[in-house]
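[1] Pasting a predicted model and its sequence here:
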Amino acid sequence: YYGWYYGFGIATLGILIALAIFLKNRHMFGEHGASPNPNRLRRRYAGLSLFDITLIACIALGLFLGKVIEDGLLTTTLFNYFGLAMLGVFFFVIAKSDEKKKLIALGLLMMCLIVFFAMEMQLGSLITLFAHRNVETNVLGYPIPATVSQALNPIAIVIIGLFMSSRKVHNNQYQILKFIFGMLTTTLCFGLLYYGCLNASADYRVPYIYFLIAIALTGLGELSVWPFVQSQITALSPLNLRGFMMSLVMLFMAFANVAGIYIGRFMAVPTSEGIHDAALSLSIYCNGFKLVALYNTLFVAAFLPAFYFIHRVISATINSSQDISTRNTIRKETKNRLNLKNANAEAILSANKKEREIMFFKKSDSKKKKLATPPATLVEEKKKVATKVVSKKTAKKPVKKKTIAKKIAAKKPAVKKVPAKKAVTKKV
């Protein structure tokens, strides 16, 4: 109703608000997202920093693509060759890296990402046209335009995300099961639309409830797939390749859009002067939804060994990260103990130092008092001390009685004892 200017303007305003919120709360992220080589960011090339060069290159690339995109065939050809070149770079990185298993697991996840988003991107084109042509948009007497279906997906993401943000749902040991479930939501979505086409009304209109639940399922699948892939890119990628892997994810999203074009062409409805046949369009959509659900199920079933491999790699990285975290906690605890010991030693030293200072000041105060006393009092004190010493020397010790008796006995002359004569008996 208001044109493209207002639509893109509101989107720009939302991006600026999000950027302001990020800049205000940037301290909450800590060291996450920091560059592994900060010195490289400070270097200058021809007077320009690396950030300035990147900004200029992005502006120049945007202007170039703005001119090239006018020719659709040339743009498609350039993007295809660029994508193939980036895939070659990715394979080269895998061959040269020491962590091949992690990068192979990420490559498999990106392939699944192409399949999922190739079907999820149909909300903007195929599903909207289906709602316009073959969905009962009159609900409880109120007409709902087909373009409103574009808002149903983000609303479903916000509502379902409130429940999925709880710890019990998020902290799952087998995270790959959530990813597989997200892949299967597209099967449920297109299978439900196929069932709705089978239950269409006489005027070839599908009830709106089927359409609403199908779009809610796509939102659930997006919440199960996209955050998981982003978290695994940061967890499995080496530090020097995280930026490259994130850009590679966006490239695979572009491949998903290209694949979505072919899915849309597969369910193209012929029209003459903007008029379509409702019965023909319903049969085309019914057959197309059935085949999309079937092919997606077969893809998930064929990728089950790959999912098991991804699960093994993820569990191994989680165990290694837990070991590293325990080591870091042990190091922190030992550091804290050493700091406490050093703090206690410093406290003891400071207390001893204070005691010494107090004793020193006490001695200095006593010396000051002695110097402050007059000489007459000093002479009197010396006399008192001398008399005390003399009295101690002249003081007689008490003599015990036993010692006196021993001395008297020692002075008397010794008397010799005469032995008694033995009596002589004569024999009669």
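    Done, it's in.
[2] How about Phe117: what's its closest non-neighbour residue?
    Here the nearest residue to Phe117 in space, its sequence neighbours aside, is Ala256; by Cβ to Cβ, 6 or more residues apart in numbering that works out to 3.7 Å. All C-beta spots, glycine's among them, are computed from the backbone N, C-alpha and C.
[3] for that neighbour, helix, strand, or coil?
    In the three-state summary, Ala256 is assigned as helix, counting by DSSP: H, G, I helix; E, B strand; the rest coil.
[4] Okay, now the unreliable bits of the stretch 151-300 of the chain?
    Along the stretch 151-300 of the chain, the parts satisfying pLDDT under 70 run over 166-174, 274.
[5] What distance do you get for Met183 to Met119?
    The spacing between Met183 and Met119, counted by Cβ to Cβ, to the nearest Å, is 10 Å.
[6] now do Phe163
    23 Å.
[7] Show me which of these two is the more surrounded one.
    Between Phe163 and Met119, Met119 has the larger neighbour count (other Cβ atoms under 10 Å), namely 25 against 10.
[8] That one contacts Tyr262, doesn't it?
    No: between Met119 and Tyr262 there is no contact under Cβ atoms under 8 Å: 11.5 Å.
[9] Could you pull out the buried residues of the host helix or strand of Leu78?
    If you go by DSSP states H and E, Leu78 is part of helix 72-96. Within helix 72-96, the residues scored as buried using 16 or more other Cβ atoms under 10 Å are 79, 90, 93-94.
[10] same thing with stretch 110-127?
    Buried residues in stretch 110-127 (16+ other Cβ under 10 Å): 110, 112-123, 126-127.
[11] got the contact list for the nearest residue to Glu99 once chain neighbours are set aside?
    Nearest non-adjacent residue to Glu99, counting by Cβ to Cβ, 6+ apart: Pro238, 5.9 Å away. Counting by Cβ atoms under 8 Å, 6 or more residues apart in numbering, Pro238 touches 97, 99, 102.
[12] Highest neighbour count among these?
    Lys102 (23 neighbours).
[13] residues touching it, list them.
    236-238, 313, 317.
[14] What of Val115?
    Val115 neighbours (Cβ under 8 Å, 6+ apart): 183, 256, 259, 296, 299.
[15] Among those, which one lies nearest to Leu23?
    Ala256 (30.6 Å; Cβ to Cβ).
[16] Tell me the secondary structure at Val269.
    Quick answer, by three-state DSSP: Val269 is coil.
[17] again but with Ala34, I slipped
    Ala34 ends up coil, using three-state DSSP.
[18] Quick check, pLDDT for it.
    pLDDT, the model's per-residue confidence, is 71 for Ala34.
[19] Measure how buried it is and give me the count.
    Considering only other Cβ under 10 Å, Ala34 is surrounded by 10 other residues.
[20] quick one: it from Arg26, how far?
    Applying Cβ to Cβ to Ala34 and Arg26 gives a distance of 11 Å.
[21] cool, and Leu65?
    30 Å.
[22] again, but for Cys286
    51 Å.
[23] Look at these two and report which has more neighbours.
    Cys286 (20 against 10).
[24] so the more buried one makes contact with Phe190?
    No: applying Cβ under 8 Å as the test, Cys286 and Phe190 come out as separate, 10.6 Å apart.
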